[in-house]
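A.B. asks: Structure for this input, please:
(one chain, ligands or ions: 1)
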Amino acid sequence: AQSHVLWPEIDRITAEQLHYARQGVGEGVWELFAEDGEMRMYKREEEVNGLVVDPLKAVHTVKGVTGFEMCHYFFSPDYRLDWETTIEQMKVLEKVSDDTMIFLQIHKRVWPASQRDALFWSHLRQVPDSRDPDAQNIWIVCNHSTEHHSAPEKSNGKYIREKSNGKYIRVFLTVALVCQTMIEPPKNGAQITRDDLTCKITYCSVVNPGGWAPASVLRAVYKREYPKFLKKFTHYVYDQCKNKPIRF
Ligand SMILES: CCCCCc1ccc(-c2ccc(S(=O)(=O)CCO)cc2)cc1/C=C\c1ccccn1
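C.D. replies: Model (predicted):
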C-alpha cells in the first residue's frame, strides 16, 4: 500500500493512534462509565462547535485468542455484519491492499437524530518494534474518515453526483483497536494451547456526528452501544477461534 496516495496519512494517523492508545487512563480526565468483567470503558466529555465528540477509550482482557485474531476479525469486511449491530449497510469502496481498505457504512438511524453514514480507510498492521521487550506481537487496526470519489458527501443539500444518495449526514471518526498477545508458556514445555493465551485490548474511538444531534441523545447512544459492541465483538472472535488453530 506504500504507493497509494493515502499512504502518508495512513502511516501518520496509525502511528499517532498507537501512541494515543498506549497512554494510560490515569492521566487526564478520563471518566470510567462502564465495567463488565475485565472490560473498563472510559470517556472524556468534549464538544466541538457545540457537537458532542466525547473521546472513548476501552481496555479489556480476553483469554484464548491472539492479538492478530482479534484485529483480523475487526478489520475483515467478511465478518462485520456478524458482530456490528448498528450498521444497516456496509460496502468496500476500494481494496487498497491486503491490509488497507476503504469502507462506506450506513448506520441505523438513532431517533430523533438524522441517519448517519461513515466513510473511512481501515488499516491492519503488526507493530514491529514494541518498546516492551517481553511483549509478544502487537497488532493495530486503525479506522479514519476519508473522502472518496464514489461516495461524495452531500453539500448544502445539492447532490454532487446523481448516483450519490447524499441523504445521510456523514460522521467524522478515528478509531484504533490495539491488541497485544501475552503467552504463558506451559511449564512442561508442551505445545502452546489457547489456555496459554491472553489478549490485551485497547479500543479508542472519537466520532464527530458531522451534523447537529442532541448531546443527551449522543451520550445515551454511546453509553448504551459501546459496551454492547465491545462485549459482542470479543465474544464473537472467541467463538470463531476456539476450535481453530492459533494464528499469531
Ligand atoms: C446520532 C447517532 C450518531 C452516531 C452514529 C454512528 C456513527 C458511527 C459509528 C461507528 C462506531 C464504531 C465504528 S468502528 O469501531 O470503526 C467498527 C466498524 O464499524 C465505526 C462507526 C456508530 C454510530 C452509531 C451507533 C454506535 C455508537 C457507538 C458504538 C456502536 N454504535
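A.B. asks: Tell me the residues of the chain that contact the ligand?
C.D. replies: 84, 86, 105, 107, 110, 113, 116, 118, 143, 171, 173, 175, 205, 207, 209, 213, 218, 221-222, 225-226, 229 (CB under 6 Å from any ligand atom). Glycine gets a C-beta too; all of them are placed from N, C-alpha and C.
A.B. asks: for this protein, which spans come out with low pLDDT?
C.D. replies: Within the chain, the ranges that satisfy pLDDT under 70 run 1, 27, 129-136, 154-166.
A.B. asks: wait, doesn't R170 sit right on S114?
C.D. replies: No. Under the criterion of CB atoms under 8 Å, R170 makes no contact with S114, lying 10.9 Å away.
A.B. asks: Those two: who's more crowded?
C.D. replies: R170 (21 against 15; other CB atoms under 10 Å).
A.B. asks: Show me where this protein has its strands.
C.D. replies: Remark: strands assigned in the chain by DSSP state E are 31-36, 39-43, 47-48, 51-52, 56-63, 87-97, 100-107, 116-127, 138-145, 169-170, 172-183, 197-208.
A.B. asks: Need phi/psi at the most far-flung residue of the chain relative to its centre.
C.D. replies: Relative to the centre of the chain, and counting by CA atoms, centre = their mean, the farthest-placed residue is N188 at 37.8 Å. With angles defined as degrees, to the nearest 10, N188 sits at phi -80, psi 20.
A.B. asks: now it: how far from the ligand?
C.D. replies: Separation of N188 from the ligand (CB to the nearest ligand atom, to the nearest Å) stands at 40 Å.
A.B. asks: Tell me the spacing between that residue and K57.
C.D. replies: To K57, N188 is 39 Å away according to CB to CB, to the nearest Å.
A.B. asks: same check, this time on E9
C.D. replies: Relative to K57, E9 is positioned 22 Å away (CB to CB).
A.B. asks: more neighbours, the two?
C.D. replies: Each of E9 and K57 has its neighbours counted (other CB under 10 Å); K57 has more, 22 against 14.
A.B. asks: isn't that one right next to V25, touching?
C.D. replies: Yes. With contact defined as CB under 8 Å, K57 reaches V25; the gap is 5.9 Å.
A.B. asks: So for the two, which residues contact both of them?
C.D. replies: Jointly contacting K57 and V25 under the rule CB atoms under 8 Å, 6 or more residues apart in numbering are Y42.
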